[in-house]
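Student: Here is the input, now give the coordinates:
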Amino acid sequence: MKLVVQRVKNANVVVENKTIGEIRQGFMVLLGVAPTDTKEIADFLVQKLIHLRVFEDENQKMNLSIQDIDGELLIVSQFTLYANSNHGNRPSFTEAAKPDLANELYEYFVEQCKKENIKKVATGEFGADMQVSLQNDGPVTIILEKENV
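Tutor: As a prediction, this is how the structure comes out:
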């Protein structure tokens, strides 16, 4: 499982000209699922995400978590995080999980985040054509990943 985590001032996702998810300060999370991913891997990454200390404290040091600042999450499924472009110019997505497993683990990840005292957890729509907008804060972008080993 792979997460691209961006610290944002705000973010939203639009499907068919309708805003389906939006947040203020917090994390915009792009989430990719591999075929070998499990709920245990999702649990591990939920904990890493909510305890990630990249928000500034009173001394302008990145020392606070999303819970510490009462921040919000926007989580969007993105299979293209597992693109392989080693051969040729057209990426292959065979390293991404099949839609059934990917959706199951995406939904599970979202539900686990909702159990963690996060002010708001918004989402995209799995499998939809989405337009995502965000205002980076910093910018701060962190990649979190865990493989099933």
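Student: now the end-to-end length of stretch 117-126.
Tutor: 23 Å (C-alpha to C-alpha, to the nearest Å).
Student: Just checking the distance from that stretch to the centre of its chain.
Tutor: Relative to its chain's centre, stretch 117-126 lies at 10 Å (C-alpha atoms, centre = their mean, to the nearest Å).
Student: Residues contacting it, please?
Tutor: The contact list for stretch 117-126, computed with C-beta atoms under 8 Å, 6 or more residues apart in numbering, reads 13, 15, 20-23, 26, 50, 66-67, 70-77, 99, 102-103, 106-107, 110, 113-114, 130, 132. Just so you know, the C-beta spots here come from the backbone N, C-alpha and C atoms, and that holds for glycine as well.
Student: When you filter those down to buried only, what's left?
Tutor: 13, 21, 23, 26, 50, 66, 71-77, 102, 106, 110, 113, 130 (16 or more other C-beta atoms under 10 Å).
Student: Please, where are all the helices along the chain?
Tutor: Counting by DSSP state H, the chain has helices at residues 39-51, 99-114.
Student: which non-adjacent residue is nearest the residue nearest the centre of the chain?
Tutor: By C-alpha atoms, centre = their mean, the chain has its centre lying nearest to V29, at 2.2 Å. Of all residues not flanking V29 in the chain, I75 sits nearest, at 4.7 Å (C-beta to C-beta, 6 or more residues apart in numbering).
Student: show me the contacts for the nearest residue to A128 once chain neighbours are set aside.
Tutor: Using C-beta to C-beta, 6+ apart and skipping the chain neighbours, the partner closest in space to A128 is V15 (4.7 Å). When contacts are counted by C-beta under 8 Å, 6+ apart, V15 touches 124-125, 128-131.
Student: Out of the residues you listed, which end up buried?
Tutor: 124-125, 130.
Student: pLDDT wise, what is the residue nearest to A128 at?
Tutor: The model reports V15 with a pLDDT of 97.
Student: which residues pair with it across the strands?
Tutor: On the basis of DSSP bridges, V15 is bridged to K18.
Student: Okay, strands next: where are they in this protein?
Tutor: Counting by DSSP state E, the chain has strands at residues 2-15, 18-23, 26-32, 55-56, 62-64, 72-77, 120-123, 131-145.
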